[in-house]
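Chemist: Compute the structure for the input listed below.
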Amino acid sequence: MRPRTGDGPLEAVKEGENIVMRVPLEGGGRLVVELTPEEADALADALSDAAEPEQPQQPEEP
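Modeler: Okay, here's the model as predicted:
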């Protein structure tokens, strides 16, 4: 058995009706997650929300 060389890039591929996402992890290895299309949409929304820069709050005018 040969050792793994490189964990590869982040990838998401359609396999059958589901989507398989492979995420490289710090320290080696990859997280593999199988998602339905609905779960993938929800994940995309959550990541998009988290990636938006926070807007500084403006003081309220009296």
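Chemist: What mean pLDDT does stretch 44-52 get?
Modeler: Taken as a whole, stretch 44-52 has a mean pLDDT of 93.
Chemist: going forward, begin numbering at 731 instead of 1
Modeler: Noted, 731 is the first residue going forward, which turns the last one into stretch 774-782.
Chemist: And the helices in the protein?
Modeler: Under the criterion DSSP state H, the chain carries helices at the ranges 767-781.
Chemist: So which residues of it form strands?
Modeler: Taking DSSP state E as the test, the strands found in the chain are 741-745, 748-754, 760-765.
Chemist: and those, which is most packed in?
Modeler: strand 748-754 (a mean of 15; mean count of other C-beta atoms under 10 Å). Quick note: C-beta positions are derived from backbone N, CA and C, even for glycine.
Chemist: how about the strands of the chain in TSV, adding mean pLDDT and distance to residue 777?
Modeler: Formatted as TSV, the strands of the chain follow (pLDDT from 0 to 100; distance: least, C-beta to C-beta, whole Å):
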stretch	mean pLDDT	distance to residue 777
strand 741-745	96	12
strand 748-754	94	11
strand 760-765	94	12
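Chemist: Relative to residue 789, which of these is closest?
Modeler: Residue 789 sits nearest to strand 748-754 of all those, at 40.4 Å, using C-beta to C-beta.
Chemist: Given that closest one, what are its sheet partners and their directions?
Modeler: strand 741-745 (antiparallel), strand 760-765 (antiparallel) (DSSP bridges).
Chemist: Measure how far that strand is from the centre of its chain, please.
Modeler: 8 Å (C-alpha atoms, centre = their mean, to the nearest Å).
Chemist: can you list contacts of that strand?
Modeler: 737-744, 760-767, 770 (C-beta atoms under 8 Å, 6 or more residues apart in numbering).
Chemist: rerun that using 6 Å as the cut-off
Modeler: 737, 740-743, 760-766, 770 (C-beta atoms under 6 Å, 6 or more residues apart in numbering).
Chemist: export the strands paired with strand 748-754 to CSV and tack on distance to residue 780?
Modeler: Formatted as CSV, those follow (distance: least, C-beta to C-beta, whole Å):
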stretch, distance to residue 780
strand 741-745, 17
strand 760-765, 17
